[in-house]
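Colleague: Coordinates only, no sequence provided:
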Ligand SMILES: O=c1ccn([C@@H]2O[C@H](COP(=O)(O)OP(=O)(O)O[C@H]3O[C@@H](CO)[C@H](O)[C@H]3O)[C@@H](O)[C@H]2O)c(=O)[nH]1
Ligand SMILES: [Mn+2]
């Protein structure tokens, strides 16, 4: 990968890697050259007493369900259990400016030349260069080396917008929904497309959490992966929910979302029948959810991700509550998430408090346990 002047190839002091897992973490061995210099936050889902194997030499902070309950107290209910959505707890406990999240069945992919892809380096490049959501550049990423804005691109727009999210893709097992997986069980993604695109303002997209990086200081408070898994009617829409909420907020606040490079190698196809059971309500609910987000409007007073998120939570309850009682619970969970984010990331003393108390339903409001997040150091 050719170096971009002024863009660092690593951000070990400014980026944490978040991994949700129900498995041993032997996959890290292949990422060692790329990840060893970073702090890893592992969210161990399922049985908190299971001892997961972590290869030696990594700087790992491990959190189990028991830690989540301990640190969040009565707010812990908003963090999903038995679903990869639990990863968002890692976003909350991190203290770094950037987050990279990856699944434990994702490995280092190779580009067409056969070279290992430095996924993290490409995500850092995507995040540290501007996005172009207001006007589409037909030669893809104008900030990439060997590319630029094409003729007719307004010069007034060439500074671009700050990038909030970098959405990477996957070779081998594509992130298909269960019905598609069932009719195309043998399909593998072998196409390496050498492009990074800004998703235009006003356009939603299906965000996958498998290979994702974002600016935690800007869009982090809205990167809630919803109420999924155990006890919930929905699964495998965790990243979709976060993607729809954050895209509406990025559009409102003038931030950009990029998709494309880097690729990782997704090695394991999860069971399509289990996936269908998790997804099926989402498959028809999303025909109402997507128009809701397409029509969502935020007020000019909402100038932070947190304030935007609370406005969205109210609209979710008002406009999706008729579909199923789940959406009122999800709206309350969105508010509890913001409250929990505040518990672990208190705003600086001179910051303006955004009105939350009014939005938090009494039965789910909670005493604020004094908590500086501390997981168990492993490795
Ligand atoms: O209950 C669970 C199940 C899994 N995990 C961890 O989450 C990731 C993803 O799990 P897996 O690779 O088995 O599932 P996929 O279907 O490939 O995941 C993709 O589908 C999306 C649905 O949420 C998800 O965003 C994608 O990642 C692994 O690290 C598991 O260990 C878990 O923590 N809890
Ligand atoms: Mn997987």
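Modeller: Now that the structure is in, tell me what you want to look at. Everything numeric in this text was worked out from a predicted model, so none of it was measured. Numbers count the residues shown, from 1 in each chain. Ligands and ions are numbered 1, 2, ... in the order given.

Colleague: Contact residues of this protein facing ligand 1?
Modeller: Taking CB under 6 Å from any ligand atom, the part of the chain that reaches ligand 1 is made up of 20-23, 45, 82-84, 86, 103-105, 175, 208-210, 229, 236, 238-239, 268, 270. Heads up, the C-betas are built off the backbone N, CA and C, glycines and all.

Colleague: Helices - which of these land there?
Modeller: When DSSP state H is applied, the residues of the chain next to ligand 1 are split such that 238-239 fall in helices.

Colleague: So which of the residues of the chain next to ligand 1 belong to strands?
Modeller: If you go by DSSP state E, the residues of the chain next to ligand 1 have 20-21 in strands.

Colleague: burial of whatever residue of the chain ends up closest to ligand 2, as a residue count?
Modeller: Per CB to the ion, residue 105 is where the chain lies closest to ligand 2, at 4.2 Å. Counted with other CB atoms under 10 Å, the neighbours of residue 105 add up to 17.

Colleague: now do the one 5 residues further on
Modeller: When neighbours are defined as other CB under 10 Å, residue 110 has 13 of them.

Colleague: per-residue pLDDT, the residue nearest to it when sequence neighbours are not counted?
Modeller: Nearest residue to residue 110 in three dimensions, chain neighbours excluded: residue 116, at 6.1 Å (CB to CB, 6 or more residues apart in numbering). The model reports residue 116 with a pLDDT of 98.

Colleague: wait, what's in contact with residue 116?
Modeller: The contact partners of residue 116, by CB atoms under 8 Å, 6 or more residues apart in numbering, come to 33, 108-110.

Colleague: can you pick the most crowded of these?
Modeller: Using other CB under 10 Å as the neighbour test, those are led by residue 109, with 20 neighbours.

Colleague: Quick check: that residue vs residue 207, distance?
Modeller: As judged by CB to CB, to the nearest Å, residue 109 and residue 207 stand 19 Å apart.

Colleague: number of nearby residues for residue 34?
Modeller: Burial measure for residue 34: 18 neighbouring residues, criterion other CB under 10 Å.

Colleague: Give the full set of residues in contact with the residue of the chain closest to ligand 2.
Modeller: 23, 27, 266-268.

Colleague: Most neighbours among those, which one?
Modeller: Within those, most neighbours by other CB under 10 Å means residue 266, with 23 neighbours.
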